[in-house]
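[1] sequence and predicted structure, then a few things I'm wondering about:
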Amino acid sequence: MNNYDHYEKYGFGRWSVLHKETQEYLGWCGLKYDEALDEVDLGFRFYQKHWRKGFATEAAKKCIEIGFAQLRLKKIVGRVMPENRASIKVLEKVGMSFVERRIVNDQEWFVYAISS
């Protein structure tokens with residue numbers, strides 16, 4: 001975390017996600033600007049015991065809302081491995097649509113996007 005300068009550089013980044021009632025750490029979710037691709041990526045990772053409970057979808061929706069309303073972004077992308085059906089479902093639930101297939105370092109990725 002000491003080297004995480006995304007907030008200083010861009011004014012936003014990834015957030016820890018805590019359970020509202022118990023304050024248990026569930027994982028993280030947030031927006032990240034990728035200079036090389038000139039795009040803002042929605043990312044999320046949750047501990048497996050918290051999968052399929054709606055936490056990723058709820059957090060991702062809030063990130064998109066903040067991205068458009070407060071940060072005034074025009075477009076947000078989500079990159080996912082094709083075999084990660086659960087994450088694809090989250091991206092679709094938050095309104096993202098498939099845009100393209102990319103190969104990065106010999107790894108296939110699907111790119112989804114949503115525009116304001």
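    Done, it's in.

[2] quick one: the helices in this protein?
    Assigned by DSSP state H, the chain shows helices spanning 6-10, 55-69, 85-93.

[3] in the second one, what counts as buried?
    This means helix 55-69. Counting neighbours by 16 or more other C-beta atoms under 10 Å, one finds that the buried residues in helix 55-69 are F55, A56, T57, A59, A60, K61, C63, I64, G67, F68. For every residue, glycine as well, the C-beta is placed using N, CA and C.

[4] which residues sit in contact with the first one?
    When contacts are counted by C-beta atoms under 8 Å, 6 or more residues apart in numbering, F55 touches V17, L26, G27, F46.

[5] dump these to CSV, plus pLDDT and distance to I114.
    Converted to CSV, these look like this (pLDDT from 0 to 100; distance: C-beta to C-beta, whole Å):
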residue, pLDDT, distance to I114
V17, 96, 20
L26, 96, 23
G27, 96, 21
F46, 96, 20
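
[6] need the residues you listed in TSV with neighbour count, can you?
    Shown next, in TSV, are the contacts of F55 (neighbours: other C-beta atoms under 10 Å):
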residue	neighbour count
V17	21
L26	20
G27	17
F46	20
